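Peer 1: test case, fold it:
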Amino acid sequence: LGTLLELQEPWPHLVTELGARGISATPMQVRTAMRAEIAHYRAEHHRAGTAAGLAALRRECAEVVRATLGTPGAVADVADVEAALLAAVRFRPYPEVPGVLRALQAVGARLVVVSNWDVSLHEVLRGTGLAPLVDGVITSAEAGVAKPDPELLNRGLALGGARADEALMVGDELDTDIAAARAAGIAAVLVVRGTSVSAAASAAPAGVTVLDGLGGLPELVRYLRRP
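Peer 2: Okay, the predicted model is just below:
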(Lines give C-alpha, C1' and ligand atoms only; values in the text may rest on other atoms or scores of the structure.)
Protein backbone atom coordinates (compact mmCIF):
# COMPACT_ATOMS: atom_id res chain seq x y z
CA LEU A 1 0.00 0.00 0.00
CA GLY A 2 1.60 3.22 -1.18
CA THR A 3 4.14 1.33 -3.28
CA LEU A 4 2.14 -1.02 -5.51
CA LEU A 5 -1.45 -0.35 -4.47
CA GLU A 6 -3.65 2.54 -3.46
CA LEU A 7 -6.82 2.36 -1.39
CA GLN A 8 -9.78 4.04 -3.03
CA GLU A 9 -11.51 6.43 -0.63
CA PRO A 10 -13.75 4.00 1.26
CA TRP A 11 -16.29 6.32 2.93
CA PRO A 12 -18.52 6.96 -0.11
CA HIS A 13 -18.50 3.28 -1.01
CA LEU A 14 -19.49 2.30 2.51
CA VAL A 15 -22.40 4.76 2.55
CA THR A 16 -23.65 3.12 -0.65
CA GLU A 17 -23.02 -0.46 0.47
CA LEU A 18 -24.75 0.08 3.81
CA GLY A 19 -27.69 1.72 2.07
CA ALA A 20 -28.03 -1.26 -0.25
CA ARG A 21 -28.49 -3.38 2.87
CA GLY A 22 -31.09 -1.11 4.39
CA ILE A 23 -28.71 0.71 6.75
CA SER A 24 -29.08 4.47 6.36
CA ALA A 25 -26.08 6.42 7.68
CA THR A 26 -24.71 9.86 6.91
CA PRO A 27 -21.28 10.38 5.34
CA MET A 28 -20.08 11.89 8.63
CA GLN A 29 -21.25 8.87 10.63
CA VAL A 30 -19.60 6.53 8.17
CA ARG A 31 -16.33 8.46 8.09
CA THR A 32 -16.14 8.41 11.88
CA ALA A 33 -16.94 4.70 11.98
CA MET A 34 -14.29 3.86 9.40
CA ARG A 35 -11.64 5.84 11.24
CA ALA A 36 -12.38 3.73 14.32
CA GLU A 37 -12.30 0.56 12.21
CA ILE A 38 -8.97 1.45 10.61
CA ALA A 39 -7.42 2.13 14.01
CA HIS A 40 -8.64 -1.24 15.27
CA TYR A 41 -7.37 -3.03 12.17
CA ARG A 42 -3.92 -1.44 12.37
CA ALA A 43 -3.57 -2.45 16.00
CA GLU A 44 -4.79 -6.01 15.48
CA HIS A 45 -3.96 -7.12 11.93
CA HIS A 46 -0.99 -9.14 13.17
CA ARG A 47 -3.54 -11.67 14.46
CA ALA A 48 -4.87 -12.34 10.96
CA GLY A 49 -2.21 -14.70 9.68
CA THR A 50 -4.69 -17.50 8.95
CA ALA A 51 -8.11 -17.68 7.33
CA ALA A 52 -9.69 -18.17 10.74
CA GLY A 53 -7.81 -15.24 12.22
CA LEU A 54 -8.78 -13.06 9.26
CA ALA A 55 -12.45 -14.01 9.61
CA ALA A 56 -12.37 -13.15 13.30
CA LEU A 57 -10.70 -9.80 12.68
CA ARG A 58 -13.14 -8.90 9.92
CA ARG A 59 -16.05 -9.58 12.25
CA GLU A 60 -14.40 -7.45 14.96
CA CYS A 61 -13.93 -4.60 12.48
CA ALA A 62 -17.58 -4.86 11.49
CA GLU A 63 -18.56 -4.69 15.15
CA VAL A 64 -16.44 -1.55 15.54
CA VAL A 65 -18.21 0.05 12.58
CA ARG A 66 -21.65 -0.99 13.84
CA ALA A 67 -20.97 0.32 17.34
CA THR A 68 -19.52 3.61 16.11
CA LEU A 69 -22.35 4.32 13.67
CA GLY A 70 -24.69 5.04 16.58
CA THR A 71 -28.40 4.75 15.88
CA PRO A 72 -28.06 3.27 12.35
CA GLY A 73 -25.73 0.60 13.67
CA ALA A 74 -27.88 -0.26 16.65
CA VAL A 75 -30.54 -1.82 14.43
CA ALA A 76 -28.13 -3.33 11.89
CA ASP A 77 -27.12 -6.95 11.58
CA VAL A 78 -23.37 -7.26 12.02
CA ALA A 79 -23.19 -9.68 9.07
CA ASP A 80 -24.67 -6.98 6.83
CA VAL A 81 -22.20 -4.42 8.15
CA GLU A 82 -19.33 -6.82 7.52
CA ALA A 83 -20.46 -7.49 3.96
CA ALA A 84 -20.81 -3.77 3.32
CA LEU A 85 -17.38 -3.06 4.80
CA LEU A 86 -15.66 -5.70 2.69
CA ALA A 87 -17.37 -4.41 -0.45
CA ALA A 88 -16.36 -0.83 0.34
CA VAL A 89 -12.64 -1.47 0.81
CA ARG A 90 -11.26 -1.42 -2.72
CA PHE A 91 -7.66 -1.43 -3.88
CA ARG A 92 -6.17 -0.70 -7.27
CA PRO A 93 -2.62 -0.70 -8.62
CA TYR A 94 -0.98 2.62 -9.35
CA PRO A 95 -1.16 3.12 -13.14
CA GLU A 96 2.49 2.35 -13.89
CA VAL A 97 2.79 -0.70 -11.65
CA PRO A 98 1.73 -3.59 -13.95
CA GLY A 99 4.02 -2.42 -16.75
CA VAL A 100 6.95 -1.91 -14.38
CA LEU A 101 6.56 -5.38 -12.87
CA ARG A 102 6.44 -6.94 -16.35
CA ALA A 103 9.56 -5.00 -17.37
CA LEU A 104 11.41 -6.19 -14.28
CA GLN A 105 10.38 -9.80 -14.88
CA ALA A 106 11.57 -9.46 -18.49
CA VAL A 107 15.11 -8.70 -17.33
CA GLY A 108 15.09 -11.65 -14.94
CA ALA A 109 14.43 -9.87 -11.66
CA ARG A 110 12.66 -11.92 -9.01
CA LEU A 111 9.94 -9.93 -7.29
CA VAL A 112 8.86 -10.67 -3.73
CA VAL A 113 6.22 -8.60 -1.93
CA VAL A 114 7.19 -8.20 1.73
CA SER A 115 4.44 -6.36 3.56
CA ASN A 116 3.09 -5.50 6.98
CA TRP A 117 -0.34 -6.90 6.09
CA ASP A 118 -2.68 -9.74 6.98
CA VAL A 119 -3.15 -12.98 5.05
CA SER A 120 -5.71 -11.30 2.75
CA LEU A 121 -2.89 -9.68 0.78
CA HIS A 122 -2.77 -12.80 -1.41
CA GLU A 123 -6.44 -12.25 -2.24
CA VAL A 124 -5.90 -8.54 -2.86
CA LEU A 125 -3.03 -9.19 -5.28
CA ARG A 126 -5.14 -11.71 -7.18
CA GLY A 127 -8.07 -9.32 -7.29
CA THR A 128 -5.97 -6.46 -8.63
CA GLY A 129 -4.24 -8.61 -11.25
CA LEU A 130 -0.78 -8.30 -9.70
CA ALA A 131 -0.39 -11.86 -8.41
CA PRO A 132 0.96 -13.25 -11.73
CA LEU A 133 3.47 -10.40 -11.87
CA VAL A 134 5.31 -11.29 -8.63
CA ASP A 135 7.24 -14.38 -7.61
CA GLY A 136 6.30 -14.52 -3.94
CA VAL A 137 4.47 -12.83 -1.10
CA ILE A 138 5.30 -12.67 2.62
CA THR A 139 3.02 -10.90 5.09
CA SER A 140 3.89 -9.91 8.61
CA ALA A 141 0.79 -11.59 10.00
CA GLU A 142 1.79 -14.94 8.52
CA ALA A 143 5.46 -14.60 9.44
CA GLY A 144 4.90 -13.33 12.96
CA VAL A 145 7.36 -10.50 12.46
CA ALA A 146 6.93 -7.03 10.96
CA LYS A 147 9.10 -4.34 9.42
CA PRO A 148 11.23 -2.56 10.57
CA ASP A 149 12.49 -5.89 11.93
CA PRO A 150 14.87 -7.05 9.16
CA GLU A 151 13.80 -10.67 9.64
CA LEU A 152 10.81 -10.17 7.34
CA LEU A 153 13.17 -8.99 4.58
CA ASN A 154 15.56 -11.87 5.29
CA ARG A 155 12.69 -14.25 4.61
CA GLY A 156 11.96 -12.37 1.41
CA LEU A 157 15.58 -12.83 0.33
CA ALA A 158 15.33 -16.56 1.00
CA LEU A 159 12.13 -16.79 -1.02
CA GLY A 160 13.68 -14.85 -3.87
CA GLY A 161 16.92 -16.81 -3.76
CA ALA A 162 19.09 -13.72 -3.40
CA ARG A 163 21.75 -12.33 -1.10
CA ALA A 164 21.26 -8.96 0.55
CA ASP A 165 23.88 -7.36 -1.71
CA GLU A 166 21.97 -8.54 -4.80
CA ALA A 167 18.64 -7.07 -3.76
CA LEU A 168 16.69 -3.82 -3.71
CA MET A 169 14.00 -2.99 -1.17
CA VAL A 170 11.43 -0.63 -2.66
CA GLY A 171 9.01 0.99 -0.22
CA ASP A 172 7.21 4.19 0.68
CA GLU A 173 7.86 4.50 4.43
CA LEU A 174 11.14 5.57 5.98
CA ASP A 175 10.46 4.17 9.44
CA THR A 176 9.46 0.70 8.28
CA ASP A 177 10.53 -0.12 4.71
CA ILE A 178 13.77 1.84 4.55
CA ALA A 179 14.71 1.13 8.18
CA ALA A 180 14.23 -2.60 7.61
CA ALA A 181 16.30 -2.52 4.42
CA ARG A 182 19.18 -0.74 6.09
CA ALA A 183 19.10 -3.18 9.01
CA ALA A 184 19.18 -6.10 6.58
CA GLY A 185 22.00 -4.62 4.50
CA ILE A 186 19.81 -4.20 1.41
CA ALA A 187 20.00 -1.19 -0.92
CA ALA A 188 16.83 0.86 -0.53
CA VAL A 189 14.57 2.84 -2.84
CA LEU A 190 12.08 5.25 -1.29
CA VAL A 191 8.93 5.87 -3.33
CA VAL A 192 7.24 9.21 -2.75
CA ARG A 193 3.95 10.01 -4.45
CA GLY A 194 2.61 13.54 -4.42
CA THR A 195 5.70 14.77 -2.57
CA SER A 196 8.75 16.65 -3.75
CA VAL A 197 11.52 14.21 -4.62
CA SER A 198 14.19 16.72 -3.61
CA ALA A 199 12.55 17.32 -0.23
CA ALA A 200 12.21 13.58 0.38
CA ALA A 201 15.81 12.98 -0.70
CA SER A 202 17.06 15.53 1.80
CA ALA A 203 15.21 13.70 4.58
CA ALA A 204 16.24 10.20 3.50
CA PRO A 205 19.36 8.48 4.82
CA ALA A 206 22.49 8.68 2.69
CA GLY A 207 22.55 6.15 -0.13
CA VAL A 208 18.77 5.81 -0.42
CA THR A 209 17.46 6.41 -3.94
CA VAL A 210 14.23 8.42 -4.10
CA LEU A 211 11.70 7.99 -6.93
CA ASP A 212 8.34 9.69 -7.48
CA GLY A 213 6.76 6.38 -8.56
CA LEU A 214 7.91 3.04 -9.89
CA GLY A 215 8.35 4.25 -13.45
CA GLY A 216 12.09 4.76 -13.06
CA LEU A 217 12.72 1.41 -11.39
CA PRO A 218 13.54 -0.73 -14.48
CA GLU A 219 16.14 1.81 -15.58
CA LEU A 220 17.62 1.86 -12.08
CA VAL A 221 17.83 -1.94 -12.03
CA ARG A 222 19.53 -2.01 -15.44
CA TYR A 223 22.01 0.61 -14.22
CA LEU A 224 22.83 -1.36 -11.07
CA ARG A 225 23.27 -4.55 -13.09
CA ARG A 226 25.73 -3.08 -15.57
CA PRO A 227 29.09 -4.89 -15.77
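Peer 1: which stretches of this protein form strands?
Peer 2: Using DSSP state E, the strands of the chain run over 5-7, 91-93, 112-115, 136-139, 168-171, 187-191, 209-211.
Peer 1: packing partners of the second one?
Peer 2: Helices and strands in packing contact with strand 91-93 are listed as strand 5-7; criterion 3 or more Cβ pairs under 8 Å, 6 or more residues apart in numbering; DSSP states H and E. C-beta: built from backbone N, CA, C; applies to glycine.
Peer 1: would you mind pulling the contact partners of the strand it packs on?
Peer 2: The contact list for strand 5-7 (Cβ atoms under 8 Å, 6 or more residues apart in numbering) reads 1, 89-94, 97, 124, 128, 130.
Peer 1: turn these into a markdown table, including neighbour count and distance to residue 170.
Peer 2: Shown next, in a markdown table, are the contacts of strand 5-7 (neighbours: other Cβ atoms under 10 Å; distance: Cβ to Cβ, whole Å):
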| residue | neighbour count | distance to residue 170 |
| --- | --- | --- |
| 1 | 14 | 13 |
| 89 | 20 | 24 |
| 90 | 15 | 23 |
| 91 | 16 | 18 |
| 92 | 13 | 18 |
| 93 | 19 | 14 |
| 94 | 17 | 12 |
| 97 | 22 | 11 |
| 124 | 20 | 18 |
| 128 | 17 | 17 |
| 130 | 20 | 14 |
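Peer 1: picking up where we left off before, tell me which of the strands of the chain sits nearest to residue 48.
Peer 2: The minimum distance between residue 48 and the strands of the chain falls on strand 136-139, with 8.8 Å, by Cβ to Cβ.
Peer 1: pairing partners for that closest one, with directions?
Peer 2: strand 112-115 (parallel) (DSSP bridges).
Peer 1: for the record, mean pLDDT for the partner strand?
Peer 2: Averaged over strand 112-115, pLDDT sits at 98.
Peer 1: alright, I will stop here.
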